[in-house]
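Peer 1: For reference, the sequence and a predicted model appear below.
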Amino acid sequence: MKLKHMAISCALALTAWGSAVQAETTLKLATVAPLSSPWGQWAQGVADQIADASGGELKIEVIGDAQLGDEQTILRQGMKGRVDLVMVSNIPLSLIGQELDLVSSPYLYDSVEQGSCVAFNHLSDILGPSLEASGLAPLSWMEVGNYLVFSKEAARTPDALAGRKVRVAATTADALFANKLGAVGVPMGTSDTIPALQTGNVEAAFLPGVFGIAIGTHKVAPHVTVSNHTRLIGTVALSQRSKKKLSAQELEWLSAFTLGGTQLSNAVLGAEGALLGKLEGAGLPVARLTEEEVAAWRGAADGIRTELAEELGPKAIAILKEIEAAKLACGS
């Protein structure tokens with residue numbers, strides 16, 4: 001009889017242990033961001049929060065440093081369910097739909113505060129359907145930061161770039177703005193930018209501030225113009241295939257990414273200002289624009305949102321109307 005009780009006890013223990021093992025879920029999050037960067041540190045911090053909140057039942061493995069490929073590759077893997085979570089900038093999102101390129105419009109927002117309000121309070125409703133149709137569920141919008149101009153010669157005003165070859169991202173928005181400036185837009189990946197500046201294949205580059213300074217663009221293109229002409233965002237999104245496998249409780253734990261989005265935004269924008277201050281302290285020519293100069297840059301972008309939306313198609317026209325309504329709701 002004792003042996004029988006012992007056998008039953010062992011069976012129950014094994015069953016409980018097996019249930020505990022099954023209760024633990026590990027999701028993979030892929031990003032090109034270095035783990036030491038503000039984005040990598042933020043993602044790991046949220047992962048740690050989720051592990052603590054769930055008592056270890058839900059874990060996020062952050063795979064950074066482009067270990068799983070470039071942003072386009074990572075995005076496709078998320079859409080196909082080969083990775084559970086993706087953290088990408090808005091640049092590859094045009095793979096999902098050209099209309100998503102609209103959020104890269106120059107001077108889309110009237111202020112930093114308005115841009116943050118639209119991004120974190122309205123953008124999921126506006127762009128969410130496009131992501132969901134592609135197999136992704138957005139959890140948070142990710143701050144990438146402001147575009148700066150890194151150039152070999154001073155470029156305080158937009159006409160200074162006329163006729164120059166300028167590195168731009170492979171987006172319709174970047175190409176259109178370069179054309180408006182009279183510049184020759186040269187689409188290329190970020191890894192090719194510094195070699196292109198060194199060889200003279202381009203004379204200037206549009207890059208997000210934190211990233212551009214972190215990779216040392218200012219060492220080959222020392223004139224840094226704080227044009228802030230585009231507020232780059234991205235997304236942290238959950239694969240729909242992975243979402244179907246998760247419980248309501250697990251999905252609630254994942255909301256830590258949604259709640260933490262504004263923290264990342266503050267960290268990136270803060271780092272941007274600090275890095276520009278360091279360049280100034282080192283004696284580099286950082287051009288902080290006057291009101292008149294800002295007006296000239298904004299004037300160069302007049303009408304570009306409407307033109308871009310018309311070029312991108314009916315969905316983009318509808319999205320632009322929604323963004324403009326969100327801007328009104330947020331105020332200036």
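Peer 2: All right, it came through fine.

Peer 1: What residues does Gly40 make contact with?
Peer 2: Remark: with contacts taken as C-beta atoms under 8 Å, 6 or more residues apart in numbering, Gly40 is in contact with 31, 33-34, 62, 64-65. In short, each C-beta sits where N, CA and C put it, glycine included.

Peer 1: can we see that at 10 Å?
Peer 2: Each residue near Gly40 by C-beta atoms under 10 Å, 6 or more residues apart in numbering is listed here: 31-34, 62, 64-65, 87.

Peer 1: I'd like to know how far it sits from Ser265.
Peer 2: Noted for Gly40: a distance of 16 Å to Ser265, by C-beta to C-beta, to the nearest Å.

Peer 1: residue ranges of the strands in the stretch 151-300 of the chain, please?
Peer 2: In the stretch 151-300 of the chain, strands defined by DSSP state E, counting those that start in this stretch lie at 165-168, 184-187, 204-208, 223-225, 231-239, 286-287, listed in chain order.

Peer 1: Pipe those strands into a markdown table and attach distance to Asn121, mean pLDDT and mean neighbour count per row.
Peer 2: Formatted as a markdown table, the entries for the strands of the stretch 151-300 of the chain read as follows, by distance: least, C-beta to C-beta, whole Å; pLDDT from 0 to 100; neighbours: other C-beta atoms under 10 Å:
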| stretch | distance to Asn121 | mean pLDDT | mean neighbour count |
| --- | --- | --- | --- |
| strand 165-168 | 29 | 98 | 23 |
| strand 184-187 | 32 | 96 | 18 |
| strand 204-208 | 22 | 97 | 25 |
| strand 223-225 | 30 | 98 | 24 |
| strand 231-239 | 13 | 95 | 25 |
| strand 286-287 | 32 | 98 | 19 |
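
Peer 1: just to revisit the earlier point, of the contacts of Gly40, just the buried ones, ChimeraX syntax please.
Peer 2: Buried subset of the contacts of Gly40, written as a ChimeraX selection, criterion 16 or more other C-beta atoms under 10 Å:
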select :31,32,33,62,64,87
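
Peer 1: want to throw the contacts of Gly40 into a markdown table with distance to Glu252 and pLDDT?
Peer 2: Formatted as a markdown table, the contacts of Gly40 follow (distance: C-beta to C-beta, whole Å; pLDDT from 0 to 100):
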| residue | distance to Glu252 | pLDDT |
| --- | --- | --- |
| Thr31 | 23 | 96 |
| Val32 | 28 | 94 |
| Ala33 | 25 | 93 |
| Pro34 | 30 | 93 |
| Val62 | 20 | 98 |
| Gly64 | 25 | 96 |
| Asp65 | 30 | 94 |
| Met87 | 20 | 97 |
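
Peer 1: before we move on, the earlier item: which one of the strands of the stretch 151-300 of the chain lies closest to Arg156?
Peer 2: Closest to Arg156 of the strands of the stretch 151-300 of the chain is strand 286-287 (C-beta to C-beta; 4.8 Å).

Peer 1: max-length helix in the protein?
Peer 2: Secondary structure of the chain read by DSSP state H shows that its longest helix is helix 248-281.

Peer 1: can you pull the buried residues of that helix?
Peer 2: Of the residues in helix 248-281, those scored as buried under the neighbour-count criterion (16+ other C-beta under 10 Å) are 250, 253-254, 256-258, 260-261, 264-265, 267-269, 271-272, 275-276.

Peer 1: ditto for stretch 69-83
Peer 2: When burial is assessed from 16+ other C-beta under 10 Å, stretch 69-83 yields the following buried residues: 71-79, 81-83.

Peer 1: where does this protein have low pLDDT?
Peer 2: 1-23 (pLDDT under 70).

Peer 1: Apply 50 and report the result again.
Peer 2: Filtered on pLDDT under 50, the chain yields the residue ranges 1-22.

Peer 1: Helices of that one, start to end?
Peer 2: Using DSSP H, helices in the chain cover 2-23, 38-53, 71-80, 112-121, 123-133, 172-180, 193-199, 209-214, 240-243, 248-281, 291-300, 304-312, 314-330.

Peer 1: and of the strands of the stretch 151-300 of the chain, who's closest to Leu108?
Peer 2: Taking C-beta to C-beta as the criterion, Leu108 comes closest to strand 231-239 out of the strands of the stretch 151-300 of the chain, the separation being 6.7 Å.

Peer 1: Between helix 38-53 and the closest one, find me the angle.
Peer 2: 40 degrees (axes from the mean of the first three to the mean of the last three C-alpha atoms, to 10 degrees).

Peer 1: how far is strand 231-239 from where the chain is centred?
Peer 2: 5 Å (C-alpha atoms, centre = their mean, to the nearest Å).

Peer 1: can you check stretch 233-245 too?
Peer 2: A distance of 15 Å separates the centroid of the chain from that of stretch 233-245, by C-alpha atoms, centre = their mean.

Peer 1: Let me have the contacts of Gly40 in TSV, extended by distance to Val186.
Peer 2: Supplementary listing: the contacts of Gly40 in TSV, determined by distance: C-beta to C-beta, whole Å:
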residue	distance to Val186
Thr31	26
Val32	21
Ala33	24
Pro34	25
Val62	33
Gly64	28
Asp65	26
Met87	27
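
Peer 1: now, which of the contacts of Gly40 lie within strands?
Peer 2: Using DSSP state E, the members of these that fall within strands are 31, 62, 87.
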